[in-house]
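S.K.: Build me a model:
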Amino acid sequence: EAMGLVVDSASRLGMKVLSCGLQPRTPPSLDLMTPRPRYLTMREILGHDIWEAWCVTASDQIHVDVCAGEIASVNNLVNLLHAMVVAVCGNSALMAGKRSEFMCARQGLMRGLGTRHGMPERPFDDIEEHITGINQFPLMWIRDAKGELEIVNDRSFEEWASARRASLGPGGPPAPAEGECDEAEWDAFLLHDHYVWHSARPRFKQGTVECRAACQQPWPEHMAAAALHLGMVEACEDVWETVLGRFGSRGEAWAAMQSAVPLAEEHGLAAFDASSGDAAALEPEFLRRILDDCRNGLESRGLGEEVLMDPLFRRLGELRNPAQSSVEVAEAKGLPGLLSHFEVAV
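M.R.: Alright, predicted model coming up:
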């Protein structure tokens, strides 16, 4: 019903709603960016190409509510499976009217952000270690006394916080005790943390883990990515057992999955064809076991959500994700056929 209202409104304006992860026709540009001052600042800090690419992307994100004791395990698992999510849910191969170098350009175009985006460099053992790691990234900006954004970007959050603490004391606000922070430092951390874009990240304001790696899905299968991520969280312990049974240790699993990220981003599920001979490729049977765990996790909720994962099993069986299918459509029918392929019809 909600999508019907969107499609109807777009139609009245002579527009179509597309169900894909990247605008396939219009190239990224400043003209497409929402004219907010902070966005212009981010464009200068991160680089024009990276920031403007975000103007034409569409992700399929989900927040899953977790307990404090679950954060590390859940967050690590979803980040570990970044390559798998990209492989089965990639839907952003076409850009500016032509084939890009990626099957998931939504992720691939952001490589310039380094370990601030996508799969983190390493897992963390607890929330304290996670925060310590986040605090090593450059601090882009803070809010001044008037609430306006003030660019920093020349030191890490930890360095900024240490310098600020050293300036507090006699004649002014007291410095927080060791291991604690005051309201101003916490607000600054929340702003800093908001601009770290890992595939999974704890959201301290909401008490959730946000899962971010998937492209927007084809409309007839639009719940597939959300179901996959929710299934990962529900079956977290079982999925970890499957992962550790395959790799032996968390460290080995992390290294293997990191090596799979560029393959998944560039080739989709074709990267995991057992006949490819690529040592970094993960065999489809391993991916199927993870999908089985996730489906079982959803089934245990008793809400019938497991059927929403059916498209993922089909994609894995065919070793073809939505991006790969869209490339075939574009080659056969050109851009007009591709736009019809992506168009949402309700």
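S.K.: What count of nearby residues applies to C181?
M.R.: Counted by other C-beta atoms under 10 Å, the residues lying close to C181 total 15. Any C-beta I mention is one placed from the backbone N, CA and C, and that applies to glycine too.
S.K.: And the helices in the stretch 151-300 of the chain?
M.R.: Secondary structure of the stretch 151-300 of the chain (DSSP state H, counting those that start in this stretch): helices at 157-167, 183-194, 224-234, 236-247, 250-267, 284-299.
S.K.: Sketch out the strands for the protein, chain order is fine.
M.R.: 62-65, 94-95, 98-99, 117-118, 141-143, 149-151, 197-198, 200-203, 208-211 (DSSP state E).
S.K.: Can you tell me which of those strands has the worst average pLDDT?
M.R.: Mean pLDDT across these is lowest at strand 149-151; the value there is a mean of 87.
S.K.: Relative to P262, how far out is the closest residue to N296 other than its chain neighbours?
M.R.: In space, and not counting its chain neighbours, N296 is closest to A235: 6.0 Å by C-beta to C-beta, 6 or more residues apart in numbering. As judged by C-beta to C-beta, to the nearest Å, A235 and P262 stand 27 Å apart.
S.K.: what's the pLDDT at A280?
M.R.: Predicted confidence (pLDDT) for A280: 54.
S.K.: Any idea which helix or strand in this protein has the lowest mean pLDDT?
M.R.: The helix or strand of the chain with the poorest confidence is helix 37-46; it has a mean of 85 (mean pLDDT, DSSP states H and E).
S.K.: Which strands or helices does it pack on?
M.R.: helix 48-53, strand 149-151 (3 or more C-beta pairs under 8 Å, 6 or more residues apart in numbering; DSSP states H and E).
S.K.: related to what we said a few turns ago, nearest to A163, of the strands of the chain?
M.R.: Evaluated over these, closeness to A163 peaks at strand 141-143, with 11.7 Å, by C-beta to C-beta.
S.K.: Could you give the average pLDDT over the longest helix along the chain?
M.R.: Ranked by residue count, the top helix of the chain under DSSP state H comes out as helix 322-342. For helix 322-342, mean pLDDT rounds to 96.
S.K.: Please work out which of the helices and strands packed on helix 37-46 is packed deepest.
M.R.: Ranked by mean neighbour count, the helices and strands packed on helix 37-46 are led by helix 48-53 with a mean of 17 (mean count of other C-beta atoms under 10 Å).
S.K.: Out of the helices and strands packed on helix 37-46, the one nearest G337 is which?
M.R.: helix 48-53 (24.5 Å).
S.K.: just checking, what packs against the closest one?
M.R.: Helices and strands touching helix 48-53, as assessed by 3+ C-beta pairs under 8 Å, 6+ apart, comprise helix 37-46.
S.K.: Dump the C-alpha coordinates for the helix it packs on into PDB.
M.R.: Coordinates of each C-alpha in helix 37-46 appear next as PDB, following Å, rounded to 0.1, in the frame of the first residue of the first chain:
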ATOM      1  CA  PRO A  37      25.700  22.500   4.100                       C
ATOM      2  CA  ARG A  38      27.100  19.400   5.900                       C
ATOM      3  CA  TYR A  39      26.900  17.400   2.700                       C
ATOM      4  CA  LEU A  40      29.000  20.000   0.800                       C
ATOM      5  CA  THR A  41      31.500  19.800   3.600                       C
ATOM      6  CA  MET A  42      31.600  16.000   3.500                       C
ATOM      7  CA  ARG A  43      32.100  16.200  -0.300                       C
ATOM      8  CA  GLU A  44      35.300  18.200   0.300                       C
ATOM      9  CA  ILE A  45      36.500  16.000   3.100                       C
ATOM     10  CA  LEU A  46      35.900  12.600   1.400                       C
END
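S.K.: Could you list the residues in contact with that helix?
M.R.: With C-beta atoms under 8 Å, 6 or more residues apart in numbering as the test, helix 37-46 has contacts from 30, 33, 51-52, 112-113, 140-141, 149, 151, 153, 195.
S.K.: Contacts only, for the residue nearest to W219 when sequence neighbours are not counted.
M.R.: When the adjacent residues along the chain are set aside, W219 lies closest to S19, with 4.0 Å between them (C-beta to C-beta, 6+ apart). If you count contacts by C-beta under 8 Å, 6+ apart, S19 has them with 91, 216-219, 222, 342-344.
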